[in-house]
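Undergrad: Here you go, sequence then predicted model.
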Amino acid sequence: MSEDRPRPRAFRLDDERVVVDDAPAPARPAAVIKTEAPTFDESSRAGALDEAERGVEAAQAAGLKGGRRFNATSLVLSGLGGLISLAFGLWTTSLIEELFAKATALGWLGAGFLIVLALGVIVTGVRETRALARQRQIVDLHAALARARADDDRDAARKAVARLVALYAGRSETAKARADVKAAMREIVDGRDLIDIAERALLKPLDARAQSEIAKAARRVSVVTAISPRAILDLIFVAAQIVRLCRRVSEIYGGRPGWFGFLRLARSIAAHLTITGGMAVGDSLLQQVVGHGIASKISARMGEGVLNGLLTARVGLSALNVCRPAPFGIQPAPGVSEVAPFLFGGGKGA
């Protein structure tokens with residue numbers, strides 16, 4: 001009777017199911033593969049994500065859920081908005097009637113302007129709705145890619161990467177990258193490796209553009225606020241630059257925030273800043289500033305410029321994290337010292 005030997009099986013060297021049998025034996029220790037299939041519930045899936053990624057997803061969810069809360073303030077605003085709408089409708093009707101009473105031509109002219117206004121409101125509403133839907137699509141895609149990468153789920157990764165490719169289908173500069181990712185999807189590639197390939201091909205160039213925008217905005221803010229004669233001008237300029245930077249970062253990653261979309265984006269960025277400790281980037285901002293000797297080497301105005309530049313860079317990095325349609329996998333998320341080293345008195349800015 002022949003000996004029943006186990007058949008050979010292939011396995012990855014970094015597979016967590018692989019253990020080494022180091023019990024005394026005449027032969028060399030053999031690799032043993034555990035046969036029980038791993039089970040994933042919601043808690044284990046959440047545990048597979050690192051703390052930074054959970055913070056990003058919580059911030060994105062806070063931005064989407066922020067507009068759903070219904071409380072006393074929402075009730076007051078709804079009533080006020082209804083009254084204002086009725087007042088505007090009555091005023092418009094009265095205006096058109098008065099124009100017709102004065103002259104028929106003036107009445108038709110006023111009616112034409114009203115039609116143009118109505119069309120503009122409809123187009124704006126459609127555009128805002130599409131922008132909000134696209135923002136939600138990016139948030140859902142980010143979560144799907146994070147889960148697929150954490151679980152190394154090949155089927156989920158293929159679906160999520162296909163959605164990522166479709167997100168940039170209308171951008172000519174991503175044509176070659178999209179073709180490379182589609183070619184990789186036809187190969188036998190693990191889920192985590194496929195997501196890494198897509199991140200390297202599609203998102204790495206966008207990361208460079210977004211970080212360049214952050215560096216430029218931080219430089220402008222630090223220089224202008226250092227020479228500005230009035231604090232109110234500093235405040236206005238910094239606020240305008242931060243708004244422009246957040247919109248620009250969102251556009252780079254495929255978002256098209258309108259007015260309401262920007263409000264949601266701002267809520268997500270604020271939530272991310274809160275979750276990650278406000279101005280903290282690894283160490284505290286104060287430790288970074290003092291550690292580089294800035295406080296003892298520059299004037300008070302220059303110090304304000306540096307602090308405003310750091311604030312701008314920090315907000316820009318939060319926008320980068322919440323607008324990016326995929327988690328950072330092949331490299332860690334950038335920090336202020338990598339994006340704007342010139343703020344610390346060393347290195348060359350972008």
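TA: Perfect, I can see it now.

Undergrad: Give me the next element, helix or strand, following the lowest-mean-pLDDT helix or strand in the chain.
TA: Among the helices and strands of the chain, helix 42-48 carries the lowest confidence by mean pLDDT, DSSP states H and E, at a mean of 43. Tracing the chain past helix 42-48, the next element assigned as helix or strand by DSSP states H and E is helix 51-65.

Undergrad: Mind listing what's buried along that following helix?
TA: Residues of helix 51-65 classed as buried by neighbour count (16 or more other CB atoms under 10 Å): 53, 55-57, 59-60, 62-64. No exception for glycine: its C-beta is placed from N, CA and C like everyone else's.

Undergrad: in the stretch 101-250 of the chain, which ranges drop under the pLDDT threshold?
TA: Under the criterion of pLDDT under 70, the regions of the stretch 101-250 of the chain flagged as low confidence span 188.

Undergrad: just the helices in it please.
TA: Read by DSSP state H, counting those that start in this stretch, the stretch 101-250 of the chain holds these helices, from start to end of the chain: 104-151, 154-167, 175-185, 191-198, 204-227, 231-252.

Undergrad: Other residues contacting the last one?
TA: By that I understand helix 231-252. Counting contacts by CB atoms under 8 Å, 6 or more residues apart in numbering, the residues outside helix 231-252 that touch it are 135, 206, 209-210, 213-214, 217, 220-221, 224-225, 228, 256-257, 262, 265-266, 269, 304, 308, 311-312, 315-316, 319-320, 323.

Undergrad: quick one: the helix or strand hosting residue 274 to helix 51-65, angle?
TA: Mapping residue 274 onto the secondary structure by DSSP H and E places it in helix 259-275. Compare the direction of helix 259-275 with that of helix 51-65 by axes from the mean of the first three to the mean of the last three CA atoms, to 10 degrees and you get 150 degrees.

Undergrad: and helix 259-275, average pLDDT?
TA: Per-residue pLDDT values across helix 259-275 average out to 83.

Undergrad: Buried residues, it. List them.
TA: Residues of helix 259-275 classed as buried: 261-262, 264-273, 275 (neighbour count, 16+ other CB under 10 Å).

Undergrad: Now do the SS call for residue 331.
TA: Going by DSSP: H, G, I helix; E, B strand; the rest coil, the secondary structure assigned to residue 331 is coil.

Undergrad: Check the burial of it by counting its neighbours.
TA: 10 (other CB atoms under 10 Å).

Undergrad: And residue 258, by the same measure?
TA: Taking other CB under 10 Å as the definition, residue 258 ends up with a neighbour count of 18.

Undergrad: One more: residue 322?
TA: What residue 322 shows, counting by other CB under 10 Å, is a neighbour count of 30.

Undergrad: mind checking the SS state of it?
TA: helix.

Undergrad: what's the spacing between it and residue 136?
TA: According to CB to CB, to the nearest Å, residue 322 stands 13 Å off from residue 136.

Undergrad: mind showing which ranges of the stretch 251-350 of the chain have poor pLDDT?
TA: Counting by pLDDT under 70, the stretch 251-350 of the chain shows low-confidence ranges at 277-301, 345-350.

Undergrad: Swap in 90 and give it another go.
TA: In the predicted model, the stretch 251-350 of the chain carries pLDDT under 90 at residues 254-313, 326-350.

Undergrad: What residues sit buried inside stretch 237-249?
TA: Within stretch 237-249, the residues that qualify as buried by neighbour count (16+ other CB under 10 Å) are 237-238, 241-242, 245-249.

Undergrad: Quickly name whichever of these is closest to residue 338.
TA: Nearest to residue 338, judged by CB to CB, of these is residue 249 at 15.7 Å.

Undergrad: Make a ChimeraX selection of whichever of the contacts of helix 231-252 turn out to be buried.
TA: Selection of buried members from these for ChimeraX, criterion 16+ other CB under 10 Å:
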select :135,206,210,213,214,217,220,221,224,225,228,257,262,265,266,269,304,308,311,312,315,316,319,320,323
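
Undergrad: Just give me the closest of the buried residues of helix 51-65 to residue 151.
TA: When the buried residues of helix 51-65 are ranked by distance to residue 151 (CB to CB), residue 53 comes first, at 13.0 Å.

Undergrad: residues contacting the closest residue to the closest one other than its chain neighbours?
TA: Across the structure, with CB to CB, 6 or more residues apart in numbering as the measure, the residue nearest residue 53 apart from its sequence neighbours is residue 327 (4.9 Å). Taking CB under 8 Å, 6+ apart as the criterion, residue 327 is in contact with 53, 56, 142, 145-146, 149.

Undergrad: which two in those residues are spaced the farthest apart?
TA: Largest separation among those by CB to CB: 56 and 149, giving 13.3 Å.
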